[in-house]
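Peer 1: No sequence on hand, only this structure:
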């Protein structure tokens, strides 16, 4: 096995400078996201969500973004999960996309709010039936005796609700409203490009370059 300290990679695939980047971070993100789609990046909508719990202890997990626009970035989950409980106590989070094939990272920070009502209902109805039943069956982040218990619960709720399960009251969306974006492009010699956008009090975005 190769010693971990010897694992290295030179980043050669792109560059990011002020003249070629967008003035608005959402436009830059949309541009990069489309390029990830066009490049066939596996699950380009997968992102890490970081939250902070008791005593300032951080935690992360992977979720799938389901929409983004000027109002923020949206994902769906169980409100009673660890991330849900932590967001209820401290409604701020950080997101990160890592598109390895393009040697790019996008980091986003901001305040988080729930997405409920009809928007959540509409997305829930669009999910495969098994996933809708799974939202009822899984008490996310809670200890469970065995997988058999989970399968039995799925069967129980499948029998109860048939083809039309309603959205569980403990399940819905979150929207992060960004006040910070960072776009990272890998470059040779670890001299990476980092452009940051910070939301100003007047609603405009200030763009600046960070040292790698």
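Peer 2: Right, received. Where do you want to start? Please read all numbers here as calculations on a predicted model, not as lab measurements.
Peer 1: For the residue most central in space within the chain, give me its contacts.
Peer 2: With distances taken as CA atoms, centre = their mean, residue 47 lies nearest the centre of the chain, 3.7 Å away. Neighbouring residues of residue 47 by CB atoms under 8 Å, 6 or more residues apart in numbering: 62-65, 75, 95-97. In this view, the C-beta of every residue, glycine as well, is placed from N, C-alpha and C.
Peer 1: most surrounded residue in those residues?
Peer 2: Tallying neighbours with other CB atoms under 10 Å puts residue 97 at the head of those, with 23 neighbours.
Peer 1: Show me where this structure has its strands.
Peer 2: 46-52, 58-64, 67-69, 72-78, 92-99, 104-115, 171-185, 193-199, 205-209 (DSSP state E).
Peer 1: Number of residues surrounding residue 176?
Peer 2: For residue 176, using other CB under 10 Å, the count is 26.
Peer 1: That one bridge partners, please.
Peer 2: On the basis of DSSP bridges, residue 176 is bridged to residue 73, residue 112.
Peer 1: List the contacts of the residue nearest to residue 196 when sequence neighbours are not counted.
Peer 2: Spatial nearest neighbour of residue 196, chain neighbours left out: residue 182 (4.9 Å); criterion: CB to CB, 6 or more residues apart in numbering. Neighbouring residues of residue 182 by CB under 8 Å, 6+ apart: 105-108, 194-197, 210.
Peer 1: same thing with residue 207?
Peer 2: Here residue 207 is in contact with 18, 21, 23, 195-197 (CB under 8 Å, 6+ apart).
Peer 1: And those residues, which two are furthest apart?
Peer 2: Maximum pairwise distance in those, criterion CB to CB, is 13.5 Å, between 23 and 196.
Peer 1: what about those two, which has more around it?
Peer 2: Higher neighbour count among residue 23 and residue 196: residue 196, with 17 against 11, using other CB under 10 Å.
Peer 1: surely that one meets residue 208?
Peer 2: Yes: if you go by CB atoms under 8 Å, residue 196 and residue 208 touch, sitting 5.6 Å apart.
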